[in-house]
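Engineer: sequence? don't have it. structure:
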């Protein structure tokens, strides 16, 4: 059955379209235009109580019953568990996947997201401190990722939902003014993912 993806054209939204394409799952897009406040509509709040995109409705959830899932990291975990794809069965191999998924959710998302906010402010006095703080943290996180990817293809032992999670935000590197050439291992990883047909389809699908 077809999954409903309620989303918009953001890094967190793209994580899920890429994952759905990579997993070969049928889905339809329900655009939630956050520029028009549609994330506050009661119908959307019923499936995403924090009024944030993305969220999914899977009519064929556990036990064949419908289920809703919000928060992009939770959606990735759910889809990986449901399909057995990009989510290893072995607990020891799950640990690095979850570590790097949490790394993205807790750091490499919030920090560049703040860069996106402060860099857009026109008042120099308002933007200076916040931009300097979150730009430095964003670059530190890129450094962490670059070290992790040295000598390995993926963040965990194999391509996983953690890579899709990080990719959503690495995709926005021009917006947070980061040159991937400064982080050659991240650049190699990014280019390898973006060359995959499923990833290309996930970024090509209209989310607005």
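Structural biologist: Received the coordinates, thanks. Everything quoted here is computed from the prediction, not taken from an experiment.
Engineer: Name the residues of the longest helix seen in the chain that are buried.
Structural biologist: The residue-count maximum for a helix in the chain (DSSP state H) belongs to helix 124-148. Buried residues in helix 124-148, defined by neighbour count with 16 or more other CB atoms under 10 Å: 131, 134-135, 137-139, 141-142, 144-146, 148. In this view, the C-beta of every residue, glycine as well, is placed from N, C-alpha and C.
Engineer: Quick check: next helix or strand after it?
Structural biologist: helix 161-170 (DSSP states H and E).
Engineer: on contacts alone, who are the packing partners of that following helix?
Structural biologist: For helix 161-170, the packing partners by 3 or more CB pairs under 8 Å, 6 or more residues apart in numbering; DSSP states H and E come out as helix 11-23, helix 72-83, helix 91-106, helix 184-194.
Engineer: which strands and helices sit next to the longest helix of the chain?
Structural biologist: helix 91-106, helix 110-119, helix 184-194.
Engineer: Distance to residue 127 added to the helices and strands packed on helix 161-170, as JSON lines?
Structural biologist: Below are the helices and strands packed on helix 161-170 laid out as JSON lines (distance: least, CB to CB, whole Å):
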{"stretch": "helix 11-23", "distance to residue 127": "21"}
{"stretch": "helix 72-83", "distance to residue 127": "27"}
{"stretch": "helix 91-106", "distance to residue 127": "24"}
{"stretch": "helix 184-194", "distance to residue 127": "26"}
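Engineer: now for the ones you listed, which one comes closest to residue 207?
Structural biologist: helix 11-23 (5.3 Å; CB to CB).
Engineer: For that closest one, give the mean pLDDT please.
Structural biologist: Mean pLDDT, computed over helix 11-23, is 98.
Engineer: Return the list of helices and strands in contact with that helix.
Structural biologist: Helix 11-23 packs on strand 3-7, helix 72-83, helix 161-170, helix 197-204, going by 3+ CB pairs under 8 Å, 6+ apart.
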